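**Student:** Fold the following and give me the result.
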Amino acid sequence: MPKESSDSKTANHSAAKPKSTTKQELLSGFLLELRRGTVILCVLAKLKQPAYGYKLINDLSGTGIAIDANTLYPLLRRLEAQGLLTSTWNTDGAKPRKYYSTTDLGNELLNDLVRSWNQTVEDLNDILQEA
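**Tutor:** So this is what the prediction gives:
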């Protein structure tokens, strides 16, 4: 069987029809990517003070960072498994609630992330001013 040349592979890729995507769909996708990268930073920052999941959802959405429970709770479990959060059950009220807070490692990582975030914002601002 003959081998395809690199030219024929290129031709096959360029012959593919581009997906029809609206500007709004593109924007929505890009904003989702930006948001995903900031959610961990937001969660760690908010959990410097102990909070339960539903309160965290409300606090974040009150600052414009909407997060769904189906996104938050797996993230909390993952961060806890990574040693960045700790959790305790509070059964004093009518409803038992699991409170999460950052560990020392979580606080150290948060400080590193904040430094990196601030540098990234500064770099992006420089780039955007040139545009």
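
**Student:** Check the spacing between the residue most central in space within the chain and S61 real quick.
**Tutor:** Centroid-nearest residue in the chain: R36, 2.7 Å away (criterion: Cα atoms, centre = their mean). Noted for R36: a distance of 16 Å to S61, by Cβ to Cβ, to the nearest Å. (Glycine included, C-beta is placed from N, CA and C.)

**Student:** With P96 instead?
**Tutor:** 23 Å.

**Student:** Could you give the secondary structure assignment for the closest residue to L105 other than its chain neighbours?
**Tutor:** Closest residue to L105 apart from its sequence neighbours, by Cβ to Cβ, 6 or more residues apart in numbering: G83 at 5.2 Å. Secondary structure, DSSP: H, G, I helix; E, B strand; the rest coil: G83 is coil.

**Student:** Would you agree G83 is in contact with T103?
**Tutor:** Yes - the pair G83 and T103 passes the contact test of Cβ atoms under 8 Å, sitting 6.1 Å apart.
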